[in-house]
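Undergrad: okay, predicted coordinates and the sequence, questions at the end:
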Amino acid sequence: MSEPVIHTDKLTKRFGDFVAVDALSLTISGGEIFGFLGANGAGKTTAIRMLTGLLAPTSGKATVAGFDLYTGAEGVKRNIGYMSQRFSLYDDLTVRENIRFFAGIYGLTNQAIKEKSRQLLESLKLVDVADTRLASLPLGWKQKLAFSVAILHEPKIVFLDEPTGGVDPVTRRRFWDMIYEASERGLTIFVTTHYMDEAEYCDRLCIMGDGKVAALDRPEAMKRQFGVESMNEVFLQLARPKKTE
Amino acid sequence: MKESVLIAGVGKRFAAIQALQEVTLSVGEGELFGFIGADGAGKTTLFRILATLLLPDEGRAEVLGLDVVRSYRDIRKRIGYMPGKFSLYPDLSVAENLRFFASVFGTTVEKNYELIRDIYSQLEPFKTRRAGKLSGGMKQKLALSCALVHRPEVLFLDEPTTGVDAVSRKEFWQMLGRLREQGMTILVSTPYMDEAVLCDRIAFMQEGRMLALDTPTGITTLFRKPLFAIRARETWRLLCALRASPHAASVYAFGSALHYTDNRPAVRVDELLAALQAEGFTDVSVSVIQPGIEDTFIALMEEKQGSAHV
Ligand SMILES: Nc1ncnc2c1ncn2[C@@H]1O[C@H](COP(=O)(O)OP(=O)(O)OP(=O)(O)O)[C@@H](O)[C@H]1O
Ligand SMILES: [Mg+2]
């Protein structure tokens, strides 16, 4: 495997007395599809917000894409893509306007934006609907666009926070095709999901419990360890340990 | 059986989009009724009509024997509705949100605590936290508690478990089962096919129409081709290889297996196995399996849209 693109050492986030992420230590290699699982409130989104530079950690260390989270925030931002729960495009802008808007945010020059827009519209076969408002497009197309926009600036890592939440069985499989294709090209994928079949598609999984790592391994190894057939069963055993009921 | 919900020829149009078209069905008292279908299939529009938040253009609908247009006030008191998008007050705490919804309906949290305990107890450690600061799944649990706290006779849940973790989903459906036993009628939409299986009956919607209505087992009989489960260590490479095959009718990932249909009428397991081994998949296994709802859902969707944007 290549050198780590994410490395965290006891990364911690507190909100008042509450510890949302508790001494998280992870190493993720280039090109990996890394699944980040856990019960509601386990700290997944909070960890992602720290790793993307949106939220300051309380303590601990981290490097993302080779940049220190504290001293290299600009470098981190240039080298990561982020797509939040479902997606983060504007429904009332057209396809072209969305691309232009996000390309602008990522600091691409006007010339580069033009060129990228053209390429993207062609490769996604969206030329005919370039001036259509997003709201009237099928979910599958919007998802494709959202993902492509998130990696428009050719980052090293993309963080996907529940990209398929509430998405139908066909559309979410098409989304995973995109994830695989991007990963083949060397992009590192950091993804959260509550669909346990999707957990099986990851190279490696981290299951979080109350802000801490409860398990970290390849899906096959986890299933073997628990003597079960599916990640769903692993999750049911691990996600909420020692709870009354 | 007594009917709790009756929908007769309901249609609704928004500008250029026909959101619902001639939808007719009825749901019996105490029934757990599921809606499945892609985004934009019309499920949310139907729920909003039944919850008296939207008027139908055509047809009529009744809830608890009351017309949704004329008797909306009476209906609202007796139903619970959880919209797909949150309906919470982000600046109020968890406990305040719940208390607010109880008081709107002239009841108290204490009176109906039993009903919401399973879900709400997971939020109790965070009672004083503002709803806006909850995680996605925690908000969903609170919204559900709020929809239930006045003990409605009919419950409309629009994708209630989106964002909810796998353990809580399981508990949530156990809770729905208990509510049904107490006689509550429940209409629920879901993108999770493992949940659809737990309903008494399900309606499959597409582009505003109801394409199928049956029990979960009944729905799966719509899947008519022989179905194979194929496994190998390198799932993604296997998927690509199968898709490239001229004989492949459909290939979809299902966890660690692929579900495959062939376009030759009577292809055998050993033929498929031999072909894949010849392609270098030495650890491959093939078996015939029974289609589930997820297989049927995918097949129905493919049938309708052809391979337009595969
Ligand atoms: N700004 C905040 N103030 C106080 N608590 C917060 C804040 N943001 C998050 N939390 C808490 O931190 C915990 C972790 O939240 P987070 O959103 O990271 O969970 P998650 O693992 O993403 O859950 P889900 O699966 O539901 O999305 C939760 O208890 C949440 O309420
Ligand atoms: Mg989250």
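TA: Arrived safely, thanks for sending. Ligands and ions are numbered 1, 2, ... in the order given.

Undergrad: so A:A56, which state does it fall into?
TA: coil (DSSP: H, G, I helix; E, B strand; the rest coil).

Undergrad: quick check: B:H247 touching B:T261?
TA: No - B:H247 sits out of contact with B:T261 when judged by C-beta atoms under 8 Å, with a separation of 9.8 Å. Using the backbone N, CA and C atoms, a C-beta is placed for each residue, glycine as well.

Undergrad: overlap of the contact sets of those two?
TA: Common contacts of B:H247 and B:T261 (C-beta atoms under 8 Å, 6 or more residues apart in numbering or on different chains): none found.

Undergrad: what about these two, which has more around it?
TA: B:T261 (20 against 14; other C-beta atoms under 10 Å in any protein chain shown).

Undergrad: look up phi and psi at that one.
TA: Main-chain dihedrals, B:T261, degrees, to the nearest 10: phi -120, psi 150.

Undergrad: ok, it to B:S287 distance?
TA: 14 Å (C-beta to C-beta, to the nearest Å).

Undergrad: where does chain A come near ligand 2, residue by residue?
TA: A:K44, A:T45 (C-beta under 5 Å from the ion).

Undergrad: where's the residue of chain A found nearest ligand 2, which helix or strand?
TA: The minimum distance from chain A to ligand 2, using C-beta to the ion, falls at A:T45 (3.2 Å). Per DSSP states H and E: A:T45 is located in helix A:44-51.

Undergrad: A:F190 - that's part of a strand, no?
TA: Yes - the assignment for A:F190 (three-state DSSP) places it in a strand.

Undergrad: point out where the chain drops to low pLDDT.
TA: Looking at chain A here, since you left the chain open. Scanning chain A for pLDDT under 70 picks out the ranges A:1-2, A:85-87, A:240-245.

Undergrad: sorry, I should have been clearer: chain B.
TA: For chain B (pLDDT under 70), the answer is B:1, B:305-310.

Undergrad: from the centroid of it, which residue is nearest?
TA: Centroid-nearest residue in chain B: B:T190, 1.5 Å away (criterion: C-alpha atoms, centre = their mean).

Undergrad: which ones are touching that one?
TA: B:T190 sits next to B:G34, B:F35, B:I36, B:E159, B:P160, B:T161, B:A196 when contact means C-beta under 8 Å, 6+ apart.

Undergrad: where does the stretch 201-310 of chain B get nearest to ligand 2, residue-wise?
TA: Nearest residue of the stretch 201-310 of chain B to ligand 2: B:G255, at 22.2 Å (C-beta to the ion).

Undergrad: for that residue, give its distance to B:G218.
TA: From B:G255 across to B:G218, the span is 25 Å (C-beta to C-beta).

Undergrad: of the two, who's got more company?
TA: Neighbours per residue (other C-beta under 10 Å) separate B:G255 from B:G218, with B:G255 holding more: 20 against 12.

Undergrad: all helices for the stretch 1-150 of chain B, in order.
TA: With helices called from DSSP state H, counting those that start in this stretch, the stretch 1-150 of chain B shows them at B:43-50, B:72-78, B:94-104, B:113-120, B:136-148.

Undergrad: wait, which of those is closest to ligand 1?
TA: helix B:136-148 (3.0 Å; C-beta to the nearest ligand atom).

Undergrad: that closest one - contacts with which helices or strands?
TA: When contacts are defined as 3 or more C-beta pairs under 8 Å, 6 or more residues apart in numbering or on different chains; DSSP states H and E, helix B:136-148 sits against strand B:79-82, helix B:94-104, helix B:113-120, strand B:154-158, helix B:166-181.

Undergrad: adding distance to chain A and mean neighbour count, write these out as TSV.
TA: As requested, the helices and strands packed on helix B:136-148 are arranged in TSV below (distance: least, C-beta to the nearest C-beta, whole Å; neighbours: other C-beta atoms under 10 Å in any protein chain shown):
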stretch	distance to chain A	mean neighbour count
strand B:79-82	13	22
helix B:94-104	12	19
helix B:113-120	8	18
strand B:154-158	10	23
helix B:166-181	5	18
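
Undergrad: these: which one's closest to A:T58?
TA: Across those, A:T58 has its closest neighbour in helix B:94-104 (23.2 Å, C-beta to C-beta).

Undergrad: show me the contacts for residue 54.
TA: With no chain named, the answer covers chain A. For A:L54, counting by C-beta under 8 Å, 6+ apart, there are no contacting residues.

Undergrad: you answered for a different chain; I wanted chain B.
TA: With C-beta under 8 Å, 6+ apart, B:L54 has these contacts: B:K12, B:T45, B:R48.

Undergrad: cutoff 6 Å now
TA: Contact partners of B:L54, counting by C-beta atoms under 6 Å, 6 or more residues apart in numbering or on different chains, are B:R48.

Undergrad: just to revisit the earlier point, and the next element down the chain from the helix holding A:T45?
TA: strand A:59-64.

Undergrad: determine the longest helix present in chain A.
TA: What stands out as the longest helix in chain A, according to DSSP state H, is helix A:169-184.

Undergrad: distance from the chain centre to that one, please.
TA: Remark: helix A:169-184 is offset 13 Å from the chain centroid, using C-alpha atoms, centre = their mean, to the nearest Å.

Undergrad: any idea how far B:P125 is from A:F18?
TA: 10 Å.

Undergrad: all helices for chain A, in order.
TA: Going by DSSP H, chain A shows helices at A:44-51, A:73-79, A:95-105, A:110-123, A:139-150, A:169-184, A:196-199, A:219-226, A:231-238.

Undergrad: care to break chain A down by domain?
TA: A:1-79+A:156-245, A:86-154 (automatic domain parsing).

Undergrad: what residues does chain A put near ligand 1?
TA: A:F15, A:F18, A:A20, A:G38, A:N40, A:G41, A:A42, A:G43, A:K44, A:T45, A:T46 (C-beta under 6 Å from any ligand atom).

Undergrad: quick check: the two most widely separated of those?
TA: A:F15 and A:G38, at 17.0 Å, using C-beta to C-beta across the residues of chain A next to ligand 1.

Undergrad: between those two, which one's more packed in?
TA: For A:F15 versus A:G38, neighbours defined as other C-beta under 10 Å are more numerous around A:G38 (27 against 11).
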